[in-house]
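Trainee: make a model of this:
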Amino acid sequence: MAAPLDKTTTKTSRGGSRWILWGLLLGLACGITFGDYCRPLMLVGEAYVKLLQMTVMPYILASLILGIGSLTAAQAKELARKAGGLLLLFWAIALAAVILLPLSFPHWQSAAFFSTSLVEQPEKQNPLDLYIPSNPIRSLADNIVPAVVLFSILVGIALMGIKEKAPVLRGLATASEALSRVTGFVVKLTPIGLFAIVAAASGSMSVQDFGRLQVFLVAYIVAALFLAFWVLPGMVSLATPFTYRESCLLARDALITAFVTGNLLVVLPVLNSRARELFRARNLQRDATDSYVDVIVPVSFNFPTVGKLLLLVFLFFAAWFSGSAVSGAHYPKLLAAGLLSFFGSTNVAVPYLLDMLRLPRDLFQLYLISGLLTGRFAALLSAMNLFVFTILAVSLLTGVAAVRRARLVSYVVATFVLTLALLAGLRLYFGACVKNTYTMAQVVGRMHLLSEPVQAKIYPSPPTPPPHTPGKSRLQEIRDRGYVRVGYLKDRLPYAFTNEQGQLVGFDIEMAHDLARLLKTELEFVPIDRERVADQVNAGLCDLLLSGIALTPDRAAEMNLSAPYREETLALIVPGFRRKEFTSRAELRARSGLRVAVLSNQYYTTKFRNALPQVEWLEVSSPREFFEDTAQRFDALLFTAEAGSAWTLMYPRFAVVVPQPGLLSIPLVYAVARGDQEMADYVNAWIELKRDDGTMQRLYDYWILGRGAAERQPRWSLIRNVLHWSK
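Mentor: Numbering: from 1, shown residues only. So this is what the prediction gives:
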């Protein structure tokens with residue numbers, strides 16, 4: 001009969017877990033009670049995490065060199081062979097979960113404001129910088145774990161062949177023991193650190209953020225818990241003498257710490273000691289057991305864990321959330337690229353994978369928000385992964401592993417049935433609880449001027465031009481008559497449009513009000529015919545035209561144009577489900593029969609016509625003609641990424657695509673009558689001042705990026721919403 005776990009170890013583990021649990025619960029209660037007031041506690045939490053991280057890199061260096069240096073060549077080969085096969089099994093489990101989870105996602109409709117990710121080129125990463133330690137000291141200082149591990153492995157291998165290595169090994173063992181004691185002291189502070197982290201996180205995360213990410217969060221959490229507390233520990237009970245209860249009990253403190261800190265690195269020393277305790281408690285410790293543990297824990301940390309790989313589900317969530325989909329043909333490429341890129345930081349890998357799928361890069365912000373929860377469950381699952389992997393690998397290497405075939409079949413069948421039940425349950429839950437009430441069109445409709453507007457009059461049609469006095473400058477006439485007349489183009493979202501209150505708003509309308517304040521006059525807005533822009537501006541129907549018109553040679557010859565105040569990127573707007581058909585210029589050139597709608601702009605249309613000679617170009621008078629086309633006459637609309645993103649908020653079944661490679665920028669300018677150089681110079685000086693004082697950036701953030709467009713309620717808290725002690 002197997003020996004039970006040591007009672008002292010069990011009692012200590014339970015006592016530590018109890019205090020950790022109290023810290024977690026009190027932190028949650030504090031966050032719910034005080035809400036945003038708990039944010040300063042994050043400093044305490046960060047200090048605790050830094051204390052935990054303090055000994056990790058030296059521990060990896062010492063334990064790896066000690067562990068590998070203590071092995072014989074035969075033991076090292078056996079470790080690589082058996083642990084390598086086991087690692088592939090864990091990866092297969094994680095990727096299977098990634099493929100299955102999207103089956104639970106419900107139907108969803110969405111759109112987003114413009115994101116610079118649509119036009120940014122992905123940064124090229126040099127993997128050599130991550131894995132080859134040209135300067136090991138710098139790698140240690142910069143916490144570049146893979147480089148430190150490679151250096152330690154090479155030193156350990158070199159040490160294996162040295163006969164007089166005993167003094168070095170004793171020194172490394174002493175250093176490793178000292179580092180473990182420091183870690184043990186810091187771990188005693190866990191309840192305090194976890195209280196601070198949980199209070200700050202639960203007090204700052206908004207209900208809106210959680211609701212928006214509910215599908216990904218719930219799916220990931222359910223899968224992580226299923227893998228952490230059924231699949232992985234079940235493998236231990238099937239293939240080793242250890243029971244499910246024993247493995248979970250000893251790993252409990254490490255799992256809780258990893259969960260609340262969201263940091264796997266800090267629990268490596270704890271996992272190492274717990275794995276040793278498990279073999280020691282059953283009297284199954286062999287000569288090489290400790291050496292194998294010392295090698296496997298830090299080395300396996302550098303390979304993508306199940307918890308880390310499961311985060312690939314976010315890519316499927318991002319595609320689903322943006323109204324797209326990942327086709328089955330792209331699965332092998334995505335999973336292979338995800339596996340390789342997840343050897344590094346997920347914060348680097350996720351933007352790269354979003355770019356690979358041609359998904360808006362601003363979805364990465366959702367990934368960062370979700371990290372408040374998924375990061376903790378990923379750390380918990382990864383900690384269980386490392387613990388179980390270590391137990392299984394050491395059991396195989398020391399000969400104590402034994403597969404219980406009678407239970408294997410029942411375990412596999414039960415896992416299969418539970419997997420189907422979880423997927424069906426998630427689908428039913430999402431169908432009942434996740435209501436896809438599309439609100440972005442209302443968000444755009446409720447956008448308003450950021451600054452106090454001046455007195456303004458809006459003409460429904462072009463009025464008679466104001467009288468002109470020969471010899472008097474237009475600026476002087478504007479001041480004398482007491483108003484500045486601004487022309488605008490209708491349907492020029494987000495530069496000039498009418499909100500749901502019937503107010504004329506937009507980026508350039510906001511600029512017009514700023515100009516009137518500067519001139520100390522009132523405002524008049526005049527609609528200008530898109531087909532007769534130059535004629536009407538030169539005829540004096542308006543003092544200047546502010547509607548984000550594109551700079552072209554023809555317009556420069558017909559009117560006086562300001563210096564560019566913004567640049568946009570030429571793009572295509574297409575039905576969302578067809579997005580992937582338009583991502584490559586080479587593929588577009590190879591296709592025939594495409595019908596692309598275009599507004600009258602000969603200069604930029606010509607550029608695209610030269611690049612895509614087989615496309616049929618169909619002129620439209622307004623973007624609405626394309627968006628509201630029921631006869632399906634068009635495959636795409638040639639437009640700009642910035643303005644096109646605003647239109648897709650109103651028509652969410654469409655998406656913006658910037659065909660790669662290469663970008664074509666379009667400068668936007670303001671226009672005044674031909675020959676009116678004084679007015680043009682004044683407008684240029686005004687643009688420069690507004691750029692320097694931050695007005696342009698503030699308007700760009702609001703009208704183009706949508707920051708602050710959706711009203712955010714203060715974080716719910718007991719003292720604010722129940723006791724009404726705070727506003």
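Trainee: so for the helix or strand where residue 334 lies, what gets flagged as buried?
Mentor: Using DSSP states H and E, the element containing residue 334 is helix 331-341. Judged by neighbour count (16 or more other CB atoms under 10 Å), helix 331-341 contains these buried residues: 334, 335, 337, 338, 339, 341. (Glycine included, C-beta is placed from N, CA and C.)
Trainee: how about stretch 179-188?
Mentor: 179, 180, 183, 186, 187.
Trainee: show me where the stretch 351-500 of the chain has strands.
Mentor: 456-458, 483-488, 497-498 (DSSP state E, counting those that start in this stretch).
Trainee: same for the second one, what does it pack against?
Mentor: Spelled out, it's strand 483-488. Judged by 3 or more CB pairs under 8 Å, 6 or more residues apart in numbering; DSSP states H and E, the packing partners of strand 483-488 are helix 507-519, strand 522-527, strand 544-550.
Trainee: the shortest one: how far from the chain's middle?
Mentor: So the one you mean is strand 522-527. Taking CA atoms, centre = their mean, to the nearest Å, one finds the center of strand 522-527 at 42 Å from the center of the full chain.
Trainee: look up phi and psi at residue 637.
Mentor: phi -120, psi 130 (degrees, to the nearest 10).
Trainee: same deal with residue 243?
Mentor: The phi and psi values for residue 243, taken as degrees, to the nearest 10, are phi -90, psi 160.
Trainee: residues contacting the residue nearest to it when sequence neighbours are not counted?
Mentor: With sequence-adjacent residues excluded and distances taken as CB to CB, 6 or more residues apart in numbering, residue 243 is closest to residue 237, at 5.7 Å. Residue 237 makes contact with 243, 244, 247, 404, 407, according to CB atoms under 8 Å, 6 or more residues apart in numbering.
Trainee: which of those scores worst on pLDDT?
Mentor: Ranked by pLDDT, those bottom out at residue 404 (73).
Trainee: that one reaches residue 241, doesn't it?
Mentor: No - using CB atoms under 8 Å as the test, residue 404 is too far from residue 241 to be in contact (9.9 Å).
Trainee: which of those two has more neighbours?
Mentor: residue 241 (17 against 13; other CB atoms under 10 Å).
Trainee: just the strands in the stretch 601-727 of the chain please.
Mentor: Using DSSP E, counting those that start in this stretch, strands in the stretch 601-727 of the chain cover 616-619, 636-640, 654-657, 665-672.
Trainee: pick the most buried one from those.
Mentor: strand 654-657 (a mean of 26; mean count of other CB atoms under 10 Å).
Trainee: that one packs against which elements?
Mentor: strand 566-575, helix 641-650.
Trainee: still on that earlier bit, export the contacts of residue 237 to JSON lines and tack on distance to residue 165?
Mentor: Below are these laid out as JSON lines (distance: CB to CB, whole Å):
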{"residue": "243", "distance to residue 165": "38"}
{"residue": "244", "distance to residue 165": "40"}
{"residue": "247", "distance to residue 165": "34"}
{"residue": "404", "distance to residue 165": "40"}
{"residue": "407", "distance to residue 165": "43"}
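Trainee: just the residues you listed now: which is nearest residue 609?
Mentor: Using CB to CB, residue 247 comes nearest to residue 609 of those, at 66.4 Å.
Trainee: what's the closest of the strands of the stretch 601-727 of the chain to residue 278?
Mentor: Of all those, strand 654-657 sits nearest to residue 278, with 52.0 Å by CB to CB.
Trainee: mind checking how far that closest one is from the chain centre?
Mentor: With CA atoms, centre = their mean as the basis, the mean position of strand 654-657 lies at 19 Å from the chain mean.
Trainee: please apply the same query to stretch 174-194.
Mentor: 33 Å.
Trainee: please apply the same query to stretch 596-616.
Mentor: Per CA atoms, centre = their mean, the centroid offset for stretch 596-616 relative to its chain is 34 Å.
Trainee: swap in stretch 655-666?
Mentor: 21 Å.
Trainee: what's next to it, contact-wise?
Mentor: Stretch 655-666 has contacts (CB under 8 Å, 6+ apart) with 111, 114, 118-119, 121, 322-324, 358, 550-551, 567-576, 579, 582-585, 588, 604, 607-608, 636, 639-641, 644-645, 648.
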